[in-house]
Each structure stands twice: as structure tokens, then as C-alpha cells.
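In: from the sequence below, what's the structure:
(one chain, ligands or ions: 2)
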Amino acid sequence: MNAIEINSLSKEFGKIKAVENISLEVKEGEIFGFLGPNGAGKSTTMMILTTLLKPTSGKALVAGYDVVSQAKQVRQNIGYVQQEISVDEYLTGRENLILQARLNHIPKNLVKKRIDEILELIELTDKQNEPVITYSGGMRKRLDLAGGLLHQPKVLFLDEPTVGLDIQTRRKIWEYLKKIHEKFGMSIFLSTHYMEEADNLCDRIGIIDYGQIQAIDSPQTMKNALGNEVITFTISNNGEKKSNLISKIKEIEYVKDITTNGEGITVFSSKGTEVIPIIFQLSSSFGIKINSISLTQPTLDDVFISYTGRELRDETENFNKRIEHAKMKRLRA
Ligand SMILES: Nc1ncnc2c1ncn2[C@@H]1O[C@H](COP(=O)(O)OP(=O)(O)OP(=O)(O)O)[C@@H](O)[C@H]1O
Ligand SMILES: [Mg+2]
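Out: Ligands and ions are numbered 1, 2, ... in the order given. So this is what the prediction gives:
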């Protein structure tokens, strides 16, 4: 049985097609990454899979249960850690987990053991009796993760687990997630717009943009599909000369794809060292001067650009705004 099966799933909000005809499967024990920019439809999909939203059309099974007609069974088998951190600042770490344990109907005789075990795993044992207001962003996220794990779900949903955290903290969270996956072996469906995160954690990745799946594969296969080398160079020329140069480069045998961004031109190739001299020859025949040139390995960022024609944007600013908004709501309440 697959952990998740999605069949032609769509969700519309009025005229907005947030999710459009998505189909995919997540295998048992797999870590599947949903990779896409702001507004791509990641959270909407996740809310459907966690029974918080009803689809407009299509079908989805989670842990073998239908997300609409068997919502209760789905909820019993999943953990869901939302995009916004949802721990209570004025309770201690342990109190937050006790609250989560009650919400998830964990039998009383198991609560202490489960909480001790999870605190140990995410290395918050020493801080457990301090109010969350004294915790760093990374510690809050770890506590939030712990809350989603107490009832040992078969399928864990993580919506942008490291958004807004600095890169060191993000890496730490990846290590915790790997430890958690190793210990419990559950299937994980996570969304992210960090290429590095998807590459680092996931067995397979689905690229989503404008509500549609653009590609599904392993990170390595995606990178290989572009060729194993990336040539990036800049020129000052624009217009006809530039487009002539680009179409000539496309004709080179080892060139798999080419994208442009301002003065920069990126060429994906299976044999970069052979292609570079040809690029120089072609440029000089067009009277174009190359300002800089480099040869690197493709990243998932490159994969995303190649599939969607766009780069990913950072969301830190957005995230901070949302936290402010949540705090204001809380003050008013
Ligand atoms: N409740 C809603 N009402 C109307 N439109 C919505 C609603 N929720 C989401 N949308 C729209 O649906 C689209 C997909 O949004 P969604 O939140 O799923 O994207 P996302 O990939 O999670 O983005 P982000 O990275 O910013 O979290 C966006 O255009 C969004 O504005
Ligand atoms: Mg989202």
C-alpha cells in the first residue's frame, strides 16, 4: 500500500486554480518533497491531504483512507506540522507537548514515556521546563515537530519545516528530521522552496508551479537530466546577435538546455570542457565579448529554472510578516 495516492486532484478558490489536476504517489517509508515557489499550491494540497480543506474535484488516499469520506481515519494516522509555528509561548516546552498529547488522545499511561523520548530525540530535555518565550526560532520549530510526532503517525506532513530560519538552524533541523525518520520509519510529505532542503532530505521530489506538477523524480535523476555540468557566462550584447549566438549554442551536440537571465546565459551540458571552447569560437565569430565564464555542477535551482523558466524567491520577509500578523491576532484575542 502506498502512503499517499493522489488522483487528478484540483482545488479552486473562486477563479483561482490553486491546485490543478495533480496526480502522484508517495511510497511507504519514503520522504517526498513538494518543491515550489510562493503561491504554487503546496499548502493547499497539504491541507486537502490532512482533511482541513475539501478538494473541488479528484481523489486522495492517505494511509489507505479517503481524505473526504474517511477523514477521521486519515486524521488518526497522520501528523501535521503547519507552516506557521503553532506552539504556545507562555507554556513550557513540556506543557506544550502534554497539550498535544491530550489533543491526540494518547493514552494517559503512555504520555510521560512518549514525551521524554521525543524531548531526548530533539535535544530539548534540558529546556523542557522553561517557557517557550525563552526559546530560539530553531528550538521552537523542534518543539513544534515533536508535537506532530507524539502519536507516532504513519504519515507525517511538514509544511515548509525550515522557512524563515537561518541556514545553520535549517541544517540542524534536517539532522533532526533524518534522526526522526530513522527511528520511526514513517512516510514524510514535506513542502519547501529551498532546493538544498529537497536535495538533502528527499528520496523523490515533485516540482509544483501554478498549481501543476512540472516534474517528479529523484534529485539525482533531475540533476542528471540536465547534463552533469553547467556553464554560466555573461556578455554585454543584447538583441539579434545574442539570440543568434544562443541558437548556435543550442545546436552543439553536448548541449541539453540553455536559459538566459539578464546578461547571464546558462548552458546545461554533458561535456562542459568541450563546449566552452566552442562557445568562445562562436562568440568571437559574432563579435561578442564574453565578460566572465564558469563551469559548475547543476543544482536543483538549475532544475527548477529549467522546468519553470523562473528562479525561486526567498520567503523570509513574508514569513516575518506572517509572524507579526499572528502576534497581533493573539494580542487582540
Ligand atoms: N483560502 C483561500 N482563498 C483564496 N485563495 C487562496 C486561499 N488559500 C490559498 N489561496 C491561493 O491559492 C494559491 C496557492 O496558495 P498556497 O498557499 O497553496 O501556496 P503555497 O505553495 O503554499 O505558497 P507559500 O510558499 O507562499 O506558502 C495562491 O494563489 C493563494 O493566493
Ligand atoms: Mg504554503
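
In: partner residues bridging the residue positioned nearest the centre of the chain?
Out: Centre of the chain computed as the mean C-alpha position; nearest residue by CA atoms, centre = their mean is residue 192, 1.8 Å away. Beta-bridge partners of residue 192, counted by DSSP bridges, are residue 35.

In: thought it was touching residue 35?
Out: Yes: counting by CB atoms under 8 Å, residue 192 touches residue 35, with 5.9 Å between them. In short, each C-beta sits where N, CA and C put it, glycine included.

In: hang on, the earlier thing: wait, what's in contact with the residue nearest to the centre of the chain?
Out: By CB atoms under 8 Å, 6 or more residues apart in numbering, the contact list for residue 192 reads 33-35, 160-163, 198.

In: where do the helices sit along the protein?
Out: Taking DSSP state H, the helices of the chain run over residues 42-49, 71-77, 93-103, 108-121, 137-147, 167-184, 195-201, 219-225, 240-250, 272-285, 300-308, 316-332.

In: and among those helices, the most buried is which?
Out: Greatest average neighbour count among those goes to helix 42-49 (a mean of 24), per mean count of other CB atoms under 10 Å.

In: is that one anywhere near ligand 2?
Out: Yes: against ligand 2, helix 42-49 shows contacts by CB under 5 Å from the ion at 42-43.

In: what helices or strands is that helix leaning on?
Out: strand 4-13, strand 16-26, strand 31-35, strand 57-62, strand 155-159, strand 187-192 (3 or more CB pairs under 8 Å, 6 or more residues apart in numbering; DSSP states H and E).

In: neighbours of the closest residue to residue 257 other than its chain neighbours, how many?
Out: Once flanking residues are discounted, residue 257 sits nearest to residue 268: 4.3 Å by CB to CB, 6 or more residues apart in numbering. Residues within reach of residue 268, counting by other CB atoms under 10 Å, total 25.

In: and residue 268, what does it touch?
Out: 226-227, 229-230, 255-258, 298, 302, 306 are the contacts of residue 268 under CB under 8 Å, 6+ apart.

In: dihedrals phi and psi, residue 123?
Out: phi 50, psi 50 (degrees, to the nearest 10).

In: where does the prediction get shaky in the chain?
Out: 312-333 (pLDDT under 70).

In: what parts of it come near ligand 1?
Out: 13, 16, 18, 36, 38-44, 83, 193 (CB under 6 Å from any ligand atom).

In: filter those residues down to the buried ones.
Out: 18, 36, 40-44, 83, 193 (16 or more other CB atoms under 10 Å).

In: quick revisit: out of the contacts of residue 192, the closest to residue 238 would be?
Out: Closest approach between the contacts of residue 192 and residue 238, by CB to CB: residue 35, at 31.8 Å.

In: close enough to count as contact, that closest one and residue 198?
Out: Yes: taking contacts as CB under 8 Å, residue 35 lies within contact range of residue 198: 4.8 Å.

In: list residues touching both of these two?
Out: Counting by CB under 8 Å, 6+ apart, the residues touching both residue 35 and residue 198 are 192, 205, 300.

In: how close does the closest residue to the last one other than its chain neighbours sit to residue 187?
Out: I take that to be residue 300. In space, and not counting its chain neighbours, residue 300 is closest to residue 195: 3.6 Å by CB to CB, 6+ apart. Using CB to CB, to the nearest Å, one obtains 22 Å as the distance from residue 195 to residue 187.
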